[in-house]
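# Here is the input, now give the coordinates:
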Amino acid sequence: MNCLRCGYCCQAYAVVIVLDPSKGIQNDNLKAINLLKEPCPHLQGDTPGEYSCAIHNEKWYPETPCANHGQIERGNTDCRMGTYRLNHV
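A predicted model of the protein is given here:
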């Protein structure tokens, strides 16, 4: 899936985040947050289509729930939610 950087997932889903990126993935460094009440602290930017993730390049990022987020279909397809949000909001 191609993320279109709309920011929706980082602002609206419940997810487990890494609190301190310097510590990486450890049981005492993870927190479940409801993004509707508390935005992801690693989201950078303020314009849909231009958001980025501050921890995306960390060596442990592929082990996070965010890295495993995707769509049912396989291949190199644009995110349906991102396409909708960028074209209708």
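# Can you tell me the SS state at the closest residue in space to residue 30 that isn't next to it in sequence?
Distances taken as C-beta to C-beta, 6 or more residues apart in numbering place residue 16 nearest to residue 30, at 5.4 Å, with adjacent residues excluded. All C-beta spots, glycine's among them, are computed from the backbone N, C-alpha and C. Here residue 16 is recorded as strand under DSSP: H, G, I helix; E, B strand; the rest coil.
# Can you tell me how far residue 16 is from residue 88?
With the distance defined as C-beta to C-beta, to the nearest Å, residue 16 ends up 29 Å from residue 88.
# Between those two, tell me which one has more neighbours.
Taking neighbours as other C-beta atoms under 10 Å, residue 16 and residue 88 compare with residue 16 leading, 12 against 6.
# What ranges does the chain have for its helices?
Taking DSSP state H, the helices of the chain run over residues 8-12, 80-88.
# which parts of the shortest one are buried?
When you say that, I think you mean helix 8-12. 8-10 (16 or more other C-beta atoms under 10 Å).
# any chance of the residues you listed in a markdown table, with pLDDT and distance to residue 83 too?
Rendered in a markdown table, the data for the buried residues of helix 8-12 read as follows (pLDDT from 0 to 100; distance: C-beta to C-beta, whole Å):
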| residue | pLDDT | distance to residue 83 |
| --- | --- | --- |
| 8 | 90 | 11 |
| 9 | 88 | 13 |
| 10 | 88 | 17 |
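# ok, those vs residue 80, which is closest?
Within those, proximity to residue 80 (C-beta to C-beta) peaks at residue 8, which comes in at 10.7 Å.
# Quick check, residue 2 in contact with residue 79.
Yes: under the contact definition of C-beta atoms under 8 Å, residue 2 touches residue 79, with a separation of 6.3 Å.
# More neighbours: the two, which one.
residue 79 (20 against 12).
# Now that that one has come up, it's in contact with residue 71, right?
Yes: look at residue 79 against residue 71 with C-beta under 8 Å: they come within range, at 6.8 Å.
# shared neighbours, those two?
Any residue near both residue 79 and residue 71 by C-beta atoms under 8 Å, 6 or more residues apart in numbering counts here, and that gives residue 1.
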